[in-house]
Every structure is written in structure tokens, then in C-alpha cells.
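S.K.: heads up, no residue letters with this:
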């Protein structure tokens, strides 16, 4: 097994470094195991990266690596199981006929309902075509409101600009190309 071999090498290295009073971090062993794994372990490596750092131990990695090895061997022995992994069976409990009967049942219930907007049976106000059409016409005919604003500072060199405004304000009459005077603000 790949991990066991690396663990033995690691332990031998640790024993030698103990004599020199140096200790390598466990993360170095974990990285060595992952970086020397075969290419077929790519998904395994990606899954290991999602494990929280405080849960990454040599024992956990060894266990996961062993399970991955068993899965790969099983797939080699039974290659047909690989293609069947995404095959699903249709449900026996729900068919097209049942879906149609559910729609018919809903229509029967809706016959008893009367719209509070148009007065016709079979639908509610929120589903009423007349209500939605007239509502959209009301939105189209919306009239803009009026706004008045004052600023306490006096300055003759300022423009008040609003990109959506229909009227622009300045204290200098000669800055306008055309001007319409109002009786009251």
C-alpha cells in the first residue's frame, strides 16, 4: 500500500531527525502522500482538500486512501457497474395519466371558485386575465409626480442637475436658451 510505505519512510526519517533534535510537521507527510499518489487518485485528492484542516490526520488519510483503492479495484473487476451508476428507474407511482387526472381535479375545484374582479367562475383575481391586462394599462398611464427642493446656500455659479428632470434650475437667466416663467413655484 502506497501510504504505508511512505509512513515507514517518514518514521525512519523522523527517528534520524530526533537525534538532531529536529521534528518535521505532520502536514509534510500528508502532502507527500497526496503528491505521490497515482493520477487515478485525482478525485480523491480533490475530496481531501474539502476536509477541514483540523480533521486532516494520517489515520484519516490512510483510511480514505484504502477505501479509494477498494473502489478502484472494484471498478476494474466490474467495469459495467461504472456505466450503470447513472441509470435510473422510472417511478411506478406517478404516470402521465395521473398527472392529467390531477389537472382535471384542479379544474373541477376551480369551477367552484369565482373571481372577485371580473365575476367569472374558474379562476381567482390573481389569475384573472382582465385584472392583469387592466393593471398593466394603469402602469402605462402613470403620471409623473412633482417635486420641489430648496437649498439654504446662496451661490450664483451652481446648476442643479437631475438627468431625469423635465425642468432644470439655475439662478442665472442668461444661461438658458429658452425660459418659461411661472406665477408660483
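M.R.: In hand now; what should we look at? Keep in mind that what you see is a predicted model, and the values were worked out from it rather than measured.
S.K.: which other residues reach stretch 31-44?
M.R.: 2, 3, 6, 10, 45, 48, 58, 61, 64, 65, 68, 72 (CB atoms under 8 Å, 6 or more residues apart in numbering). In short, each C-beta sits where N, CA and C put it, glycine included.
S.K.: Now do residue 4 against residue 123, distance only.
M.R.: In this view, residue 4 and residue 123 are 71 Å apart by CB to CB, to the nearest Å.
S.K.: Compare those two and say which is more crowded by neighbours.
M.R.: Shown here are residue 4 and residue 123; by other CB atoms under 10 Å, residue 123 has more neighbours (17 against 11).
S.K.: thought that one was touching residue 117?
M.R.: No. Using CB atoms under 8 Å, residue 123 is not in contact with residue 117, being 9.5 Å away.
S.K.: Show the buried residues in the contacts of stretch 31-44.
M.R.: Buried subset of the contacts of stretch 31-44 (neighbour count, 16 or more other CB atoms under 10 Å): 3, 6, 10, 48, 61, 65, 68.
S.K.: residue ranges with poor pLDDT in the chain?
M.R.: Counting by pLDDT under 70, the ranges of the chain that qualify are 1-2, 78-104, 106-111, 135-171, 185.
S.K.: just so I have it, where are all the helices in it?
M.R.: Ranges of helices within the chain are 2-19, 26-35, 42-49, 58-77, 80-83, 96-112, 129-140, based on DSSP state H.
S.K.: With distance to residue 181 added, can I get these in TSV?
M.R.: As requested, the helices of the chain are exported to TSV (distance: least, CB to CB, whole Å):
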stretch	distance to residue 181
helix 2-19	90
helix 26-35	80
helix 42-49	73
helix 58-77	84
helix 80-83	84
helix 96-112	61
helix 129-140	33
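S.K.: Compare these and report which one is nearest to residue 178.
M.R.: Residue 178 sits nearest to helix 129-140 of all the helices of the chain, at 29.7 Å, using CB to CB.
S.K.: What is the most widely separated pair among the contacts of stretch 31-44?
M.R.: 10 and 72 (23.6 Å).
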